[in-house]
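Undergrad: This is a predicted model, with the sequence first.
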Amino acid sequence: MNNPIHLYLDRYQCNTFRVPYFEEGDLRVRADDLLRSKDYDSFHRGILEPLGMTGIYLVRVEKDNPGWYTLTGYAMDAEENVTRANA
């Protein structure tokens, strides 16, 4: 795992999931629920679709750009595809 995986939540999603857009926060959510909450680009779909109903854990620290959360507790295969996550 070379680089952390960052996923974006817009203000509407932050309100829906009751997490901060600007401040520090965290979110435990099923990957498919997050995917259905926004029309994501191919990068985000490539991370979230294979995880299906798996729970994921996202963390946002104050230094992060607004709305950007870091995926934590996941594993990657040799091709750097996310293979599982633990929320």
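TA: Yep, that arrived.

Undergrad: what does the model give the nearest residue to residue 68 once chain neighbours are set aside for pLDDT?
TA: Nearest-residue entry for residue 68: residue 6, 5.0 Å, with adjacent residues in sequence omitted and distances by Cβ to Cβ, 6 or more residues apart in numbering. Every C-beta, even on glycine, is put in place using the N, C-alpha and C of the backbone. With respect to pLDDT, residue 6 scores 94.

Undergrad: buried stuff in the strand or helix carrying residue 57?
TA: According to DSSP states H and E, residue 57 maps onto strand 55-60. Within strand 55-60, the residues that qualify as buried are 56, 57, 58, 60, counting by 16 or more other Cβ atoms under 10 Å.

Undergrad: List the contacts of the closest residue to the third one other than its chain neighbours.
TA: Pointing back at residue 58 there. Distances taken as Cβ to Cβ, 6+ apart put residue 69 closest to residue 58, at 3.7 Å, once the chain neighbours are dropped. Contacts for residue 69 (Cβ atoms under 8 Å, 6 or more residues apart in numbering) come out as 6, 7, 8, 9, 19, 25, 26, 27, 58, 59, 60.
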